[in-house]
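In: Need a 3D model of the following:
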Amino acid sequence: MDIQIREFRIEDYDNLITLWERAGLEHRPKGRDRREKIEKEHGQNTSVFLIAELNGELIGSVFGSHDGRKGWINRLAVNPDFRKKDIARKLVHEAEKRLDKLGIDIIACLIEGWNKESMKVFEKLGYEKYPDVAYYTKRKNWDI
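Out: Okay, the predicted model is just below:
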């Protein structure tokens, strides 16, 4: 398979949402995942948004971001028809490489407790669970 990893473009948005839905990735189309928010975030120098394509079809995605000190891997998704073909690893490694070029030495991800499959993927990629952290969030509403 000739899978291409490339930078996300806003024209990919509708196909990205379709991918997330097929992959079972929860998203907030009225909040943080709405087109305008993603376009704004993508336009900043703190983001690395990548997609995987096969013959022009969007089959995977990963969003990376950083705050200048720590990088984050977010929104890793692979079309279920293409799982177990090394696509997630390729996406994460490319995001890591790009964050490294920006001087980011720590990369982390947050995975919700129900998402055991993602936990397995990241463990295979060398990520270790950090058991002593409690995650708190403050939101304007739960749609964001």
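In: Do a quick rundown of the helices in the protein.
Out: 13-23, 35-42, 87-101, 116-124 (DSSP state H).
In: In CSV, list the ones you listed along with mean pLDDT, distance to residue 138 and mean neighbour count.
Out: (Glycine included, C-beta is placed from N, CA and C.) Shown next, in CSV, are the helices of the chain (pLDDT from 0 to 100; distance: least, Cβ to Cβ, whole Å; neighbours: other Cβ atoms under 10 Å):
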stretch, mean pLDDT, distance to residue 138, mean neighbour count
helix 13-23, 96, 24, 17
helix 35-42, 91, 18, 14
helix 87-101, 96, 26, 18
helix 116-124, 92, 24, 14
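In: Turn the ones you listed into CSV, columns for distance to residue 81.
Out: Listed next are the helices of the chain as CSV, based on distance: least, Cβ to Cβ, whole Å:
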stretch, distance to residue 81
helix 13-23, 8
helix 35-42, 24
helix 87-101, 11
helix 116-124, 15
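In: right, and residue 104 touches residue 71 too?
Out: Yes. In this structure residue 104 lies within contact range of residue 71 using Cβ atoms under 8 Å: 4.0 Å.
In: what about the two, which has more around it?
Out: Comparing residue 104 with residue 71 by other Cβ atoms under 10 Å, the one with more neighbours is residue 71, at 24 against 21.
In: give the contact list for the more buried one.
Out: 64, 65, 96, 99, 102, 104, 106, 107, 108 (Cβ atoms under 8 Å, 6 or more residues apart in numbering).
In: Pairing partners for the first one in the sheet, please.
Out: The one in question is residue 64. residue 48, residue 73 (DSSP bridges).
In: Go ahead and confirm it touches residue 101.
Out: No. Between residue 64 and residue 101 there is no contact under Cβ under 8 Å: 11.4 Å.
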